[in-house]
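# model this:
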Amino acid sequence: MGQDVAGFDVNYLPKVPDNRRIPIGCIGSGFIMRDCQIPAYRQAGLNPVAIASKTEANALEVSKRYRIKAYRDYHGLLHDTSIPIIDIAVPPDVQYEVICDVVKYPHIRGILAQKPLGMNYAQSAEIVRMCEEAGINLVVNQNMRYDQSVRACKSLLEQNFVGEPVFATMDMRAIPHWMPWQARLGWATLRIMSIHHLDAFRYWFGDPVRIFASVRQDPRTKFAHEDGICTYILEYENGLRVSSWDDVWTGPSLEGAESDSGIN
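The predicted structure follows:
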């Protein structure tokens, strides 16, 4: 599905399953699940039916808003054999433990997990292994690659609309939604926002052969961290060079410079 532009098909719409009524169970009740995931499911005609959270009261609040069932904890949700798809939206340092439990249930066929998948590469690889052994389809919520502009760009690249790619950049000067667990983990930018850009580059161009990264602390970030302002270069075997500059504060946003905020 797409739109014809000067003889090229701009395929910007994601593929959706034929059967959209498959029940989806939600683990986590924070901003991402409450204000992003569940509304998006509803808008796409998909079927979230139940939720569980670390804090039962939060799960109850979300369940009332969307008229879905709330469980006291996620173990109760996993015991419900009518729910084969699990959407997990919990902090990265909790996700591994949750997935270790999810893969024990043979009726579960699919997991949508938040990024970063694990606290480190080894943990992420172990999650992939567990899901493969359990026969569970694992998807990481790399949502930027489903943005219409990113998908349209991919479609045009595949059709050689712009010729051979030589140089590609992203420049982020915008303040994202801050997660409360970032302070606990000491993560500011690389795993929160740069992860979107790195995946979009990989979606467009494949895996690079080298990556160079430079980060520094940001004096506007109140918690201890290393990756405040980040820049990185991806080098490809065919000579393509890709670069991004990520500044997640972009001040002075309250001093009349709102028009300077954005992602180019």
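# all helices of the stretch 151-264 of the chain, in order?
181-185, 195-205 (DSSP state H, counting those that start in this stretch).
# pick the most deeply packed of these.
Greatest average neighbour count among these goes to helix 195-205 (a mean of 19), per mean count of other CB atoms under 10 Å. Glycine gets a C-beta too; all of them are placed from N, C-alpha and C.
# and it, what does it pack onto?
Helices and strands touching helix 195-205, by 3 or more CB pairs under 8 Å, 6 or more residues apart in numbering; DSSP states H and E, are helix 148-158, strand 167-173, strand 229-235, strand 241-247.
# repeat that with 7 Å
helix 148-158, strand 241-247 (3 or more CB pairs under 7 Å, 6 or more residues apart in numbering; DSSP states H and E).
# in the longest one, what's buried?
Read it as helix 148-158. 150-157 (16 or more other CB atoms under 10 Å).
# that older thread, now the helices and strands packed on helix 195-205 in a markdown table, please, with extra columns for distance to residue 164 and mean pLDDT.
Formatted as a markdown table, those follow (distance: least, CB to CB, whole Å; pLDDT from 0 to 100):
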| stretch | distance to residue 164 | mean pLDDT |
| --- | --- | --- |
| helix 148-158 | 10 | 94 |
| strand 241-247 | 13 | 96 |
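# so for residue 14, which of the ones you listed sits nearest?
helix 148-158 (7.1 Å; CB to CB).
# that closest one - contacts with which helices or strands?
Using 3+ CB pairs under 7 Å, 6+ apart: helix 148-158 touches strand 8-10, helix 195-205.
# touching, residue 111 and residue 130? I think so.
No - Residue 111 is beyond contact range of residue 130, at 10.0 Å (criterion: CB atoms under 7 Å).
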